[in-house]
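*Asks:* Provided below for reference: sequence and predicted model.
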Amino acid sequence: MKIGGEVFPAFNPYHKSTYEIHISGCTRKCKGCQNPILQDFEYGEDLDIDTYLFALQKRAKFYDAICIMGGDLLCQDLVEAETFAKVLKVAFPQKELWLFTGAELEVVPDWAKETFDYIKTGTYQEHLKQTGFPASSNQKLLQKGKDY
């Protein structure tokens, strides 16, 4: 799995300081994709979990949430994706974890539903584009304990 970039700090749509992790690789190929370069599974740098965790821990006092977006974590090798997500959950138990995926909730794996506090579901659909978040009207922001 590769990291295609990061944004820190990010505040929208989280309403708190958030560390965004951009995963490279997506099979969905949404027309009008906001991050088309992140569709490429070869873009970015290989994820070394230990090194990455060390870097995240050094900045931990400056953010309240971590969001994995992309690309799409759920388009990765699912064993690697699950391992990465669960390592983040254990390493940062007090942080909110967010996942942005193009998958619909029905196909989001149980491990992701257990790990993430918020999941943005649904592919971007250019003909349903809207102002603000989410980017298209078919997408949903779901909260653990309330929506799943």
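*Replies:* Yes, it's here.

*Asks:* what about the longest strand in the protein?
*Replies:* Ranked by number of residues, the top strand in the chain under DSSP state E is strand 2-10.

*Asks:* mind listing what's buried in that strand?
*Replies:* Lys2, Ile3, Gly4, Gly5, Ala10 (16 or more other C-beta atoms under 10 Å). The C-beta positions use only the backbone N, C-alpha and C, and glycine is treated the same way.

*Asks:* farthest pair in the residues you listed?
*Replies:* Lys2 and Ala10 (19.9 Å; C-beta to C-beta).

*Asks:* now do the same end-to-end measure for stretch 125-137.
*Replies:* 8 Å (C-alpha to C-alpha, to the nearest Å).

*Asks:* quick one: the strands in this structure?
*Replies:* 2-10, 18-24, 45-46, 65-70, 96-100, 118-121, 140-143.

*Asks:* now the angle from the longest one to strand 18-24?
*Replies:* In terms of direction (axes from the mean of the first three to the mean of the last three C-alpha atoms, to 10 degrees), strand 2-10 departs from strand 18-24 by 160 degrees.

*Asks:* for strand 2-10, name the packing helices and strands.
*Replies:* When contacts are defined as 3 or more C-beta pairs under 8 Å, 6 or more residues apart in numbering; DSSP states H and E, strand 2-10 sits against strand 18-24, strand 45-46.

*Asks:* how about the second one?
*Replies:* Contact analysis of strand 18-24 by 3+ C-beta pairs under 8 Å, 6+ apart lists strand 2-10, strand 65-70 as its packing neighbours.
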